[in-house]
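Visitor: coords please:
(2 chains)
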Amino acid sequence: MTTPKIQLIGVKKRFGSKVVLDGVDLTIDKQSSVVIIGGSGTGKSVTIKSILGIIRPDEGTILVDGEDVTHMRGANRDRVLRQFGMLFQGAALFDSLPVWENVAFGLIQGRGVARAKARDIAIQKLAKVGLAEDVAFLSPAELSGGMQKRVGLARAIAADPEIIFFDEPTTGLDPIMADIINDLIISTVKDVGATALSITHDMVSARKISDKIAMLYGGKIIWQGPTKEIDHSGNPYVEQFIHGRAEGPIKMAVKA
Amino acid sequence: MNFFASIGRATMAVLAHIGGLATFTGEALAGVVRPPIYTRLILGQMVRIGYFSLPVVGLTAFFTGGVLALQIYLGGNRFGAEAIVPQVVVLGITRELGPVIAGLMIAGRVAAAIAAEIGTMKVTEQIDALTTLATNPIKYLVVPRVVAAVISMPILTAIGDSIGVMGGYVVSVYSLDFNGTSYLKNTVDFAHQEDIMSGLIKAAVFGFIVALMGCYNGFNSKGGAQGVGNATTTAVVTSSILILAADYVLTALLFHK
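Guide: The predicted structure follows:
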């Protein structure tokens, strides 16, 4: 049995009195594509940020390649982070830098690649997500939402990461652009041979990009299984979510 | 019961803030000495913080020197001490008004800009993005701004001091009928090196306060546009208050006999 790429064991996190993660257990195998689904505010982002070390979990263990990274800091944390790439929901491009420097940022700052060489790599990566060379010299503010997502994707894959995270990759895009981004996610993940973890509430996207789906509800993973089995989960929560019904066991907090 | 609970909550909030600021300051100071050092970013920030603040600092210093000369002349007139204008102007400008006016101008200009920029980066997840790209946001964003402000402020203040003294000179010579040559001679003879140095030390501390408060409030802003607005306001208000408080403490320390 091979070591899983990422493993979460009993991860708990609360903010003040609000329990967000209440013992999350999740295993992500090498080169698999796992999607976490769940409603807004169920802790999908907190899960991803805990793995990255942006948020520190209160309890539980997070393993990357079998190594405990839960409380890692400083140089060790940076070493682990170098195998990650992440596409943020709002792309989170640095607006003070031109597009190519955004894509090359991890290469220049994190790995000390020379600027000229990093620029060539950036232009190659932009080509992979379907952007022409002239885009490289624009500022992120001059791009449309879909193009920003593509640049964010190019930045995530720039350093050939072993693990790529996608935070709501299709949210806020029109259906056609969403499908283009889905295709790009599939091809880029295959291309670099990476392990992918995505969070989304877009079921079309989830079905398309994943080979395993896990549903987060009430701070726990309440169901997980191969994507093709999601329609036969036998779990009323999953049934309600994937069919988008207002009626069912999931009660949405209307008041915050 | 609710009364005590609210006192407790407020106390905890204040302590959490002080603790947060102390940790943040510690991380920023540690980042100054630990590599990597982003020299390009420091130079860029020096241009933004120092060079672009020259007009506002120069103008305010000029008018401050002018009004100081006028007030001392009018006040001194009551007991026949008008001649003391050049001495008091140079003392007041170099020890107090030069660094404080420059500090307050920088607080308005730079603390606000830093808090707004970093606050926007925070709410748009750009700071998280830095972390995922294995770049320490404190080192990349905070350290260059703090270092640039600490270097730029004494230089700005030295220039402001000169312009402020010239403001006093212009008013004294062209409006109050002082002799220009003896005004300058009195100024140069009277000002000691420690007067000027104390002002420049203050300026460096004020620069540190402004950059730190701008960064800290930016980093702790949450909740979109309104959060960034609040962070900006808090950065300007807290850095202004801290400048005046630090000014008193520094004066007491520097001139302790």
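
Visitor: residues contacting whatever helix or strand A:Ile176 lives in, please?
Guide: Following DSSP states H and E, the helix or strand that holds A:Ile176 is helix A:175-192. Residues from elsewhere that reach helix A:175-192 (Cβ atoms under 8 Å, 6 or more residues apart in numbering or on different chains): A:33, A:128-130, A:145-146, A:149-150, A:153, A:157, A:160-161, A:164, A:166, A:169-170, A:173, A:194, A:196, A:198, A:202, A:204-205, A:208-209. Bear in mind the C-beta positions are built from the backbone N, C-alpha and C, glycine included.

Visitor: buried ones from the residues you listed, can you make that a ChimeraX selection?
Guide: If you want just the buried ones from those in ChimeraX, going by 16 or more other Cβ atoms under 10 Å in any protein chain shown, the selection is:
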select /A:33,128,129,146,149,150,153,157,161,164,166,169,170,173,194,196,198,202,205,208,209
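
Visitor: in helices, which of the contacts of helix A:175-192 appear?
Guide: A:Lys128, A:Gly145, A:Gly146, A:Lys149, A:Arg150, A:Leu153, A:Ile157, A:Val204, A:Ser205, A:Lys208, A:Ile209 (DSSP state H).

Visitor: of those, closest to B:Val173?
Guide: A:Gly145 (62.2 Å; Cβ to Cβ).

Visitor: ok, that closest one to A:Leu173 distance?
Guide: 6 Å (Cβ to Cβ, to the nearest Å).

Visitor: who touches both of those two?
Guide: What both A:Gly145 and A:Leu173 touch, as defined by Cβ under 8 Å, 6+ apart, is an empty set.

Visitor: who are the packing partners of the host helix or strand of A:Ile222?
Guide: Element membership for A:Ile222 (DSSP H and E) is strand A:220-226. If you count contacts as 3 or more Cβ pairs under 8 Å, 6 or more residues apart in numbering or on different chains; DSSP states H and E, strand A:220-226 packs onto strand A:18-28, strand A:212-217, helix A:236-243.

Visitor: one step back: what is the nearest of the ones in helices among the contacts of helix A:175-192 to A:Ser40?
Guide: A:Ser205 (15.5 Å).

Visitor: so what's the residue nearest to the closest one when sequence neighbours are not counted up against?
Guide: Of all residues not flanking A:Ser205 in the chain, A:Thr170 sits nearest, at 4.5 Å (Cβ to Cβ, 6 or more residues apart in numbering or on different chains). Residues counted as contacts of A:Thr170 (Cβ under 8 Å, 6+ apart) are A:Ala178, A:Ile181, A:Asn182, A:Thr200, A:Asp202, A:Val204, A:Ser205.

Visitor: relative to chain B, which of those is nearest.
Guide: For the contacts of A:Thr170, the closest approach to chain B (Cβ to the nearest Cβ) belongs to A:Thr200, at 16.3 Å.

Visitor: before we move on, the earlier item: go through the helices and strands packed on strand A:220-226 and pick out the most buried.
Guide: Stretch with highest mean neighbour count among the helices and strands packed on strand A:220-226: strand A:212-217 (a mean of 23; mean count of other Cβ atoms under 10 Å in any protein chain shown).

Visitor: what's the average pLDDT for it?
Guide: For strand A:212-217, mean pLDDT rounds to 89.

Visitor: what's the offset of that strand from the middle of its chain?
Guide: 14 Å (Cα atoms, centre = their mean, to the nearest Å).

Visitor: give me the angle between it and helix A:236-243.
Guide: Strand A:212-217 and helix A:236-243 meet at an angle of 110 degrees, taking axes from the mean of the first three to the mean of the last three Cα atoms, to 10 degrees as the criterion.

Visitor: contacts for the lowest-mean-pLDDT helix or strand in chain A?
Guide: Every helix and strand of chain A was ranked by mean pLDDT, DSSP states H and E. The lowest is helix A:111, at a mean of 77. For helix A:111, the external contacting residues (Cβ under 8 Å, 6+ apart) are A:Arg82, A:Ala159.

Visitor: what distance separates that helix from the centre of its chain?
Guide: 22 Å.

Visitor: with stretch A:136-154 instead?
Guide: 18 Å.

Visitor: list the buried residues for it?
Guide: Buried, per 16+ other Cβ under 10 Å, within stretch A:136-154: A:Ala136, A:Pro140, A:Leu143, A:Gly146, A:Met147, A:Gln148, A:Lys149, A:Arg150, A:Val151, A:Gly152, A:Leu153, A:Ala154.

Visitor: list the contacts of it.
Guide: The contact list for stretch A:136-154 (Cβ under 8 Å, 6+ apart) reads A:87-88, A:90-95, A:97-100, A:102-103, A:119, A:122-123, A:125-126, A:128-131, A:135, A:169, A:172-174, A:177, A:180-181, A:184-185, A:188.
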